[in-house]
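Enquirer: here is a sequence together with a model predicted from it:
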Amino acid sequence: MKDEWLFAPGHGMCAGCVVPALVKHILAIAGKNTFVVNSTGCLEVATTEYPRTSWKVPWVHVAFENSAAVASGIEAAMKKFGEEGNIICFAGDGGTADIGMQALSGMVERGHDVLYVMYDNEAYMNTGIQRSGATPYGAWTTTSEVGKANPIGNLRPKKPVADIIAAHKAAYVATVNLAFFQDFKKKVEKAMKVKGPRFLHAIVTCPTGWRADPSKGIEIMRLATETGIFPLWENENGGKKRITYRPKKFKPVKEYFKLQSRFRHLSDDIIEKIQEDVDRWWKEHSE
C-alpha cells in the first residue's frame, strides 16, 4: 500500500467497475513523474467532472482515436528538451482496437518510449454498450442484439490486439488481469523498466454492459483466465510468446458465462463451439 495514491477516490465510475483499481495500481508503480494521456471513454468522462479530478499527475484528455499520436508528440518534445518521465496512455477497447489502431500502430512502428494500456471491457460502454472489435463471439450488445434473425449475438471473433502489437516487434507486450495480482504487478514493473513502445492488454469487467453483479467483478475476471478465455502471456521484441500462467485444471467456459447475462442466450451447441476454440488455442500454445 502506498502512502499516497496518485488516483483519488470520489470519481463517478460505476459501482463494481474494475478500471479505477487498474489505474490506481499502475500509477502507484509508475510514480509521480508520470504524464497520462487519456482517450475519450468511461475513464475520462467519470474522473474529470468539472471542477473536480481524480488525477494527481499531469493528465490530458484527447479524442477517441489519437491518444497514441499525442503521447508520441509529448515523448518527442520531452526528448528534445532533455526532460525525463513516464508517459502512459489509457484507452478503452473501442479507442484502441478500432478507432485508435492507426495511431497506435504508428507509435509502435516509430519506436516511441510510451506505455499504452488498453482497458478492455469488450464494448463501447461509455456510449451505450455498442459492439467493438474486442467484443467476444456470442456476446450480446446493443448493436449485436439477440433475436430470431440472430440467436448468437456478436458474430465476429475478438480482435487479437496484443498479438497485432507484438507483430510490430514492440519492446514489451503483455496481457494482464488484476485478479492475478502478482503476475499483474511483475508485468507492470517490467513495462516501466523497458525502453521503447510497450503495450498492456488489461481485461476489466463492466457490470452494466456485462449484465453482471457489481460485487462479482474480480471473480468474473479470475474465471476469464481460469477457463482459458483470457490467457496471461508476455512478449519481448516480437520474440516467442511466453505463457505466464497456466491453470492446473481448466474450468469450463460455461462457468465464466453463467455470471454474465450478456451470454445467457447462448445454446449448448454454441457454448461447445466456444469451448473447442479455447481448447484449440491452448493446444497451439502448449509448451
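Expert: On my side now, so go ahead. Residues are numbered from 1 along each chain as shown.
Enquirer: name the element the closest residue to residue 102 other than its chain neighbours belongs to?
Expert: Distances taken as C-beta to C-beta, 6 or more residues apart in numbering place residue 65 nearest to residue 102, at 7.5 Å, with adjacent residues excluded. All C-beta atoms are positioned from the backbone trio N, CA, C, and that covers glycine. Secondary structure here is read from DSSP states H and E; on that basis residue 65 sits in neither a helix nor a strand.
Enquirer: need the contact list for residue 65.
Expert: With contacts taken as C-beta atoms under 8 Å, 6 or more residues apart in numbering, residue 65 has the following neighbours: 39, 95, 99, 100, 102, 103.
Enquirer: likewise for residue 199?
Expert: Contacts of residue 199 by C-beta under 8 Å, 6+ apart are 104, 108, 115-118, 162, 165-166, 170, 172-174.
Enquirer: in strands, which of those residues appear?
Expert: Assignment to strands by DSSP state E places the following of the contacts of residue 199 there: 115, 116, 117, 118, 172, 173, 174.
Enquirer: got any ranges where this protein has weak pLDDT?
Expert: Within the chain, the stretches falling below the threshold (pLDDT under 70) are 1-3, 287.
Enquirer: how does it look with 50?
Expert: Using pLDDT under 50 as the threshold, the predicted model of the chain has low-confidence ranges 1.
Enquirer: show me the helices in it, by range?
Expert: Counting by DSSP state H, the chain has these helices, from start to end: 19-30, 42-47, 67-80, 101-110, 161-167, 181-193, 217-226, 253-257, 268-284.
Enquirer: what comes up buried for the last one?
Expert: Of the residues in helix 268-284, 270, 271, 274, 275, 278 count as buried by neighbour count, 16 or more other C-beta atoms under 10 Å.
Enquirer: need those residues in CSV (columns: distance to residue 43).
Expert: As requested, those are exported to CSV (distance: C-beta to C-beta, whole Å):
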residue, distance to residue 43
270, 32
271, 32
274, 29
275, 32
278, 29
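Enquirer: which of the residues you listed sits closest to residue 45?
Expert: Within the set of these, residue 274 lies nearest residue 45; the separation is 32.1 Å, counting by C-beta to C-beta.
Enquirer: for the closest one, which non-adjacent residue is closest in space?
Expert: Of all residues not flanking residue 274 in the chain, residue 253 sits nearest, at 5.6 Å (C-beta to C-beta, 6+ apart).
Enquirer: so that neighbour makes contact with residue 271?
Expert: Yes. The pair residue 253 / residue 271 is scored as a contact, 6.5 Å apart, by C-beta atoms under 8 Å.
Enquirer: and which of the buried residues of helix 268-284 is nearest to residue 239?
Expert: Using C-beta to C-beta, the shortest approach to residue 239 within these belongs to residue 278, at 24.3 Å.
Enquirer: in contact with the closest one, which residues?
Expert: For residue 278, the residues meeting the contact criterion (C-beta under 8 Å, 6+ apart) are 227, 228, 229, 253.
Enquirer: neighbours of the third one, how many?
Expert: Translated: residue 229. The local packing of residue 229 (other C-beta atoms under 10 Å) involves 21 other residues.
Enquirer: rewinding a little: show me which of the contacts of residue 199 are buried.
Expert: For the contacts of residue 199, a burial check counting by 16+ other C-beta under 10 Å picks out 104, 108, 115-118, 162, 165-166, 170, 172-174.
Enquirer: understood, closing this out.
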